[in-house]
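[1] the sequence and its predicted three-dimensional model are supplied below.
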Amino acid sequence: MRGFKAFIMQGNVIDLAVAVVIGGAFGAIVDAFVTGVIEPLIAMVGGFDDIEDVTAGPILIGLVIAAVIRFILVAAVVYFVLVLPIQKMREAADRRRGIVPEEEPETPEQILQDIRELLKAQQGGQAG
């Protein structure tokens, strides 16, 4: 039981639970917006009563288009309203505590460019 309690109290488990709850709430808001505003506009431009009425033979392509639109908008809202601000707040808190972000390691291409520049500098120094 002690191990289970430690697992539940980990920060990432709590963060995940909060993300699921808030994501669900934002999902409902975005879904209502897409269903009530975006889809009717697209259907109106295409000359349909409902975007889900769009078909390609027996394939209900409008249903897929509506689902893709919903997914993209939900993902964008969750990212820009939740993920990005929380990430910025954590970075600011880390800076206040004196924690500096790790530098990204050099790529092999960057290392090769550095070597090329050093060789050019050595050749230039020897020629003079």
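    Perfect, I can see it now. Because the structure is a prediction, the values reported are computed rather than measured.
[2] just the CA atoms of the lowest-mean-pLDDT helix or strand in the chain, as CSV, please.
    In the chain, the helix or strand scored least confidently by mean pLDDT, DSSP states H and E is helix 2-8, which has a mean of 75. Output of helix 2-8 as CSV, limited to C-alpha atoms (Å, rounded to 0.1, in the frame of the first residue of the first chain):
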residue,chain,number,x,y,z
ARG,A,2,2.9,2.3,0.7
GLY,A,3,4.3,1.9,-2.8
PHE,A,4,0.9,2.7,-4.3
LYS,A,5,0.6,5.8,-2.2
ALA,A,6,4.1,6.9,-3.4
PHE,A,7,3.1,6.2,-7.0
ILE,A,8,-0.1,8.3,-6.7
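[3] against which helices or strands is that helix packed?
    Contact partners of helix 2-8 among helices and strands, from 3 or more CB pairs under 8 Å, 6 or more residues apart in numbering; DSSP states H and E: none. (C-beta placed from N, C-alpha, C; glycine too.)
[4] next helix or strand past that helix?
    helix 11-33 (DSSP states H and E).
[5] any buried residues in that next one, and which?
    26-27, 30 (16 or more other CB atoms under 10 Å).
[6] give the buried residues for the least confident helix or strand of the chain.
    Under 16+ other CB under 10 Å, helix 2-8 has no buried positions.
[7] same question for stretch 52-67.
    52, 54, 62, 65-66.
[8] residues making contact with the host helix or strand of Arg90?
    If you go by DSSP H and E, Arg90 is part of helix 84-96. Helix 84-96 is contacted from outside by 100-101, using CB atoms under 8 Å, 6 or more residues apart in numbering.
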